[in-house]
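K.L.:
got a predicted structure here, sequence first:
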Amino acid sequence: MIIRILGEGQYDVEGSIITELNAIDNRIVDHVSAGLENEFKMELTGLISLVKGNGKPLDPGRIVSSDLILPPADLTLDEARKVFKGEGLIKD
């Protein structure tokens with residue numbers, strides 16, 4: 001699975017982390033809905049770290065379609081309200 005982190009590039013990751021990605025996404029949705037900025041930022045950082053820690057960076061010169069696009073780490077809570085809507089990152 002190819003995951004793009006906006007502003008940071010693409011990573012090739014194993015599909016085995018999808019469940020964990022979705023769990024973090026669900027927590028982010030809860031934090032965003034509750035207006036909990038610190039908790040939201042912590043989970044977003046964890047989401048990005050999970051991808052980077054489990055993925056292999058792709059050559060930036062290689063053009064590949066992304067299966068999933070994550071927002072940048074500096075996303076604000078207001079911006080997050082438009083991105084995280086509780087639908088899950090990956091559909092089964």
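P.N.:
Everything's here; your move.
K.L.:
residue nearest the centroid of this structure?
P.N.:
The residue lying closest to the centre of the chain (CA atoms, centre = their mean) is L70, at 3.8 Å.
K.L.:
quick one, what contacts that residue?
P.N.:
Counting by CB atoms under 8 Å, 6 or more residues apart in numbering, L70 makes contact with I3, R4, I5, L6, L47, I48, V51. For the C-beta atoms, the positions are set from N, CA and C on the backbone; glycine is no exception.
K.L.:
buried residues in the helix or strand where the second one lies?
P.N.:
I take that to be R4. Following DSSP states H and E, one finds R4 within strand 2-5. Buried residues in strand 2-5, counted by 16 or more other CB atoms under 10 Å: I3, R4, I5.
K.L.:
so what secondary structure elements neighbour that strand?
P.N.:
The contact analysis (3 or more CB pairs under 8 Å, 6 or more residues apart in numbering; DSSP states H and E) places strand 2-5 against strand 9-13, helix 37-54, strand 68-70.
K.L.:
and the angle for the longest one with strand 9-13?
P.N.:
Put simply, helix 37-54 runs at 70 degrees to strand 9-13, going by axes from the mean of the first three to the mean of the last three CA atoms, to 10 degrees.
K.L.:
which elements pack onto helix 37-54?
P.N.:
Looks like helix 37-54 contacts strand 2-5, strand 9-13, helix 18-34, strand 68-70, helix 77-83 (3+ CB pairs under 8 Å, 6+ apart).
K.L.:
need those in JSON lines (columns: distance to G61 and mean pLDDT).
P.N.:
Shown next, in JSON lines, are these (distance: least, CB to CB, whole Å; pLDDT from 0 to 100):
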{"stretch": "strand 2-5", "distance to G61": "15", "mean pLDDT": "95"}
{"stretch": "strand 9-13", "distance to G61": "11", "mean pLDDT": "96"}
{"stretch": "helix 18-34", "distance to G61": "26", "mean pLDDT": "92"}
{"stretch": "strand 68-70", "distance to G61": "19", "mean pLDDT": "92"}
{"stretch": "helix 77-83", "distance to G61": "28", "mean pLDDT": "85"}
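K.L.:
much appreciated, bye for now.
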